[in-house]
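Participant: no FASTA, just this:
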């Protein structure tokens, strides 16, 4: 396989655009870390029924070393729980709203960073794998990676739009309070959890997953509506067809085809790697611009 044969099959413009995209992606992610971690604070149910007993129970749970901060709260039924952290910097002026806000926002910030970073790593893998597969003319592999890349981009676009709207709504409410922070955090935590841990496993046996992920077509349709001039759904359908055992997935092995001059039959030649077959001829020219081209340049035998 040579660069010339791939360029002939894809066309100079497509190859150039692919290289520019990969170069841009590498430049954008050059400073992205290869490792990271995130924190999720967990409420600790307490047996104590009184304030002093609850403080003692939390104190006994925490290590003696380091600087820890903890707070005890109780719900409408009087059940107490504690939250503790070694990561808190006490706010000035000191207030319970500010302390609760720091703990909640710390968790959200860490989890959002991890969610974003895994999306970037995923995009890197899929884009580079798709490009490598095209270079050796493994079209089905390239289509599978490209489809996953498009799905990830659609999901990221939809979720970030929703998160930004929620952040804007919180900011418009003024100085946050414990109550407004809790109301804001609950749906956002659910959204992040669904993005990180949501799944569709077990649906085939009619068992609903504990945390169900959003259907990918919901994301693709939203992206298509946002970008009506980019043929998102049509591109996605072609990628799916190439991945599935159907027309798109089978025709990638066609090296040459055409009608006999007598018009009594068609001739089709297939190959494991069509570009390596001496009879290979693209079904349409890259500069023709027509997907279902029937121009004179189609070979007839």
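Facilitator: Okay, I see it. Treat the numbers as computed from the prediction; the structure is a model and nothing was measured.

Participant: any idea how far residue 201 is from the residue sitting nearest the centre point of the chain?
Facilitator: The centroid of the chain falls nearest to residue 152 when counting by Cα atoms, centre = their mean (3.1 Å). For residue 152, the distance to residue 201 equals 18 Å [Cβ to Cβ, to the nearest Å]. Backbone N, C-alpha and C define where each C-beta goes, glycine included.

Participant: what's the burial count for residue 103?
Facilitator: The number of residues packed near residue 103 is 19, by other Cβ atoms under 10 Å.

Participant: With residue 176 instead?
Facilitator: If you count neighbours by other Cβ under 10 Å, residue 176 ends up with 19.

Participant: Helix, strand or coil: sort out it for me.
Facilitator: coil (DSSP: H, G, I helix; E, B strand; the rest coil).

Participant: Kindly report the same for residue 268.
Facilitator: Under the three-state scheme (three-state DSSP), residue 268 adopts strand.

Participant: Please look at it and residue 254 and confirm they touch.
Facilitator: Yes. Here residue 268 reaches residue 254: they are 6.4 Å apart, a contact under Cβ atoms under 8 Å.

Participant: which of the two has more neighbours?
Facilitator: When residue 268 and residue 254 are compared for neighbours, residue 254 comes out ahead with 16 against 11, by other Cβ under 10 Å.

Participant: Ramachandran coordinates for that one?
Facilitator: Per-residue torsions, residue 254: phi -80, psi 120 (degrees, to the nearest 10).

Participant: contacting residues for it?
Facilitator: Applying Cβ atoms under 8 Å, 6 or more residues apart in numbering, we find residue 254 in contact with 268-270, 274, 283.

Participant: Which residue ranges of the stretch 1-150 of the chain form helices?
Facilitator: Taking DSSP state H, counting those that start in this stretch, the helices of the stretch 1-150 of the chain run over residues 3-10, 12-28, 51-61, 96-135, 139-172.

Participant: Need those in JSON lines (columns: distance to residue 38).
Facilitator: Putting the helices of the stretch 1-150 of the chain into JSON lines (distance: least, Cβ to Cβ, whole Å) gives the following:
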{"stretch": "helix 3-10", "distance to residue 38": "40"}
{"stretch": "helix 12-28", "distance to residue 38": "22"}
{"stretch": "helix 51-61", "distance to residue 38": "22"}
{"stretch": "helix 96-135", "distance to residue 38": "4"}
{"stretch": "helix 139-172", "distance to residue 38": "16"}
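
Participant: Dump these to TSV, plus distance to residue 191 and mean pLDDT.
Facilitator: Formatted as TSV, the helices of the stretch 1-150 of the chain follow (distance: least, Cβ to Cβ, whole Å; pLDDT from 0 to 100):
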stretch	distance to residue 191	mean pLDDT
helix 3-10	39	85
helix 12-28	25	91
helix 51-61	30	90
helix 96-135	10	90
helix 139-172	7	94
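
Participant: Of all those helices, which one is nearest residue 88?
Facilitator: For residue 88, the closest of those is helix 96-135, at 5.7 Å, according to Cβ to Cβ.

Participant: rewinding a little: select only the buried ones of the contacts of residue 254 in ChimeraX?
Facilitator: Here is the ChimeraX selection string for the buried members of the contacts of residue 254, based on 16 or more other Cβ atoms under 10 Å:
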select :269,274
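
Participant: and which of the contacts of residue 254 is nearest residue 215?
Facilitator: residue 283 (33.1 Å).

Participant: Can you get me a residue count around residue 190?
Facilitator: 12.

Participant: dump the residue contacts of residue 188.
Facilitator: 108, 163, 166.

Participant: ok, of these, which come out buried?
Facilitator: Among the contacts of residue 188, those scoring as buried are 108, 163 (criterion: 16+ other Cβ under 10 Å).
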